[in-house]
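**Student:** got a structure for you, letters missing:
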């Protein structure tokens, strides 16, 4: 048995393929450089479509394939000297309340995303006036972007379970200045990474760093950014040998470049103390602690310690770091503070050590995004007809920013479905887009008063929930598919379709209900 496709089916698949390729092609080179699953955008870049960063070897591309609004601007020359190349340009959004990037990440729906947005004002607008605005991830508010000065770089990073192959990152104008963005990056992680669905990064420290430089890709294959951290009460030690992760773990552990440096108390009899006060309140915080022994201990040496988190013992058994092998502990706290004490046991001959730490807070991103097949379809319609509306971000969420001409169904925690599409008088040219056939829940479809040509396609009869179809005021030709006029029980299809000849016939559906306002050319 073989599958049969009509020409309209093939056209629909081909257009969708072209749409997705337009998002994927800039990143094909990444797969050749172990950057598969990377989306790296230099927002506002105009001089060239892409370039390789000299330090990280990451390929950055311009953002023209990901947003259709905003303007490209450059920061002032005096600020460029102190910032990396990807911060030299910004995309500014002086018009509209919500402006969005739509990113397609292959194989993302079964994984977790690391999404990172970075902002450097650099007096790009010459106003010396720091804006304040909100950033949304999908349908949910992520954070406010607030600057301390024109030189500061603000970075927001979150890890969350993907519900589709799309990432929508939107900037909201809150009336406190024009939103803009410098860099937008997406990395795909394993589905079990960090075990929690939504975590916003508060801090990620490379403890005992020797050179004082941040560590990221290519040392960290997930391109997490590890910031150097040390204390005047600690001394740094390191090794040139490789530190390996355990053979089985649920966490993407820090790279060897991070784990082969560590800190110990300056005085061997002291303990390690670490304090962190989150800037934001959350219901829960997740703290990931990383340890590895990087010194080959003698037979009479023991390094053993206990971990106390906010005064409570974390580990049941004392920690004995393994030589050149990473290990980790996870603590979940509900207090808006973090106090860590690593206390050596009575039999330990060596002080505690500390290699790395990540601190996250939980974030509520449970609101479902629009069903992916519907998103594919409506984005395809937007691309085919070059629709110029506020069609940015997720089509159905948040509800207050529903796309013009759309309405959606919201049932419990299920993904919203598009049930209403009104494109009357929208300047549509060409045939009726095959992508519409993938709006399986559509009930109302109005394509009237455009310049559509060709035949009424058979696929419209396969939309089993369709109740109203308006094709009036177009240049369509040919016979109407009979299936459109024979609907299931209790369904009345209003079908307005003008023809050159007068007259027509009224058909009955299977339940015997008369089909209203139907003029059919025989």
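**Tutor:** Right, received. Where do you want to start? Model, not experiment: these values are computed from the prediction.
**Student:** tell me the pLDDT at the nearest residue to residue 325 once chain neighbours are set aside?
**Tutor:** Distances taken as CB to CB, 6 or more residues apart in numbering place residue 244 nearest to residue 325, at 5.5 Å, with adjacent residues excluded. C-beta: built from backbone N, CA, C; applies to glycine. If you check residue 244, the pLDDT there is 94.
**Student:** Repeat that for residue 93.
**Tutor:** At residue 93, pLDDT is 97.
**Student:** Ok, residue 501 next?
**Tutor:** At residue 501, the pLDDT value in this model is 33.
**Student:** so where is the stretch 251-400 of the chain shaky, pLDDT-wise?
**Tutor:** 366-367 (pLDDT under 70).
**Student:** rerun that using 90 as the cut-off
**Tutor:** Across the stretch 251-400 of the chain, the ranges flagged by pLDDT under 90 are 251-252, 268-269, 279-283, 363-372, 388-393, 397-400.
**Student:** What count of nearby residues applies to residue 155?
**Tutor:** By other CB atoms under 10 Å, the residues close to residue 155 number 14.
**Student:** show me the contacts for the residue most central in space within the chain.
**Tutor:** Nearest to the mean C-alpha position of the chain, by CA atoms, centre = their mean, lies residue 167 at 3.5 Å. Residue 167 makes contact with 39, 101-103, 105, 108, 113, 115, 137-138, 186, according to CB atoms under 8 Å, 6 or more residues apart in numbering.
**Student:** State the mean pLDDT of stretch 473-486.
**Tutor:** Mean pLDDT, stretch 473-486: 82.
**Student:** Counting neighbours, show which residues of that stretch come out buried.
**Tutor:** The neighbour-count check on stretch 473-486 (16 or more other CB atoms under 10 Å) flags 473-474, 476, 480-481, 484-485 as buried.
**Student:** So which of those are in strands?
**Tutor:** Among the buried residues of stretch 473-486, the ones falling in strands (DSSP state E) are residue 476.
**Student:** Distance from stretch 201-218 to the middle of the chain?
**Tutor:** Its chain's C-alpha centre and that of stretch 201-218 lie 23 Å apart, by CA atoms, centre = their mean, to the nearest Å.
**Student:** again with stretch 116-128
**Tutor:** Using CA atoms, centre = their mean, the offset of stretch 116-128 from its chain centre is 22 Å.
**Student:** got the buried residues for it?
**Tutor:** Buried, per 16+ other CB under 10 Å, within stretch 116-128: 116-122, 124-125.
**Student:** The residues you listed in strands, which ones?
**Tutor:** If you go by DSSP E, the buried residues of stretch 116-128 have 116-120 in strands.
**Student:** on that earlier part again, mind listing what the residue nearest to residue 325 touches?
**Tutor:** Shown in contact with residue 244 (CB under 8 Å, 6+ apart): 256, 324-326.
**Student:** ok so, going back, dump the buried residues of stretch 116-128 into TSV; add pLDDT as well.
**Tutor:** Putting the buried residues of stretch 116-128 into TSV (pLDDT from 0 to 100) gives the following:
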residue	pLDDT
116	98
117	98
118	98
119	98
120	97
121	96
122	95
124	96
125	95
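**Student:** now those as a markdown table including distance to residue 318?
**Tutor:** Converted to a markdown table, these look like this (distance: CB to CB, whole Å):
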| residue | distance to residue 318 |
| --- | --- |
| 116 | 37 |
| 117 | 41 |
| 118 | 41 |
| 119 | 44 |
| 120 | 45 |
| 121 | 48 |
| 122 | 50 |
| 124 | 53 |
| 125 | 57 |
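**Student:** ok, so of these, who is nearest residue 158?
**Tutor:** Ranked by distance to residue 158 (CB to CB), these are led by residue 116 at 8.0 Å.
**Student:** The closest one against residue 154, yeah?
**Tutor:** No: counting by CB atoms under 8 Å, residue 116 does not reach residue 154; the two are 11.2 Å apart.
**Student:** overlap in contacts of these two?
**Tutor:** Common contact partners of residue 116 and residue 154 (CB under 8 Å, 6+ apart): none.
**Student:** Adjacent strands (with direction) for the strand or helix carrying residue 343?
**Tutor:** Applying DSSP states H and E as the criterion places residue 343 in strand 338-344. Strand pairing for strand 338-344, determined by DSSP bridges: strand 272-276 (antiparallel), strand 305-309 (antiparallel).
**Student:** Tell me how far it lies from the chain's centre.
**Tutor:** 35 Å.
**Student:** Next: stretch 50-60.
**Tutor:** Between the centre of stretch 50-60 and the centre of its host chain there is 21 Å, according to CA atoms, centre = their mean.
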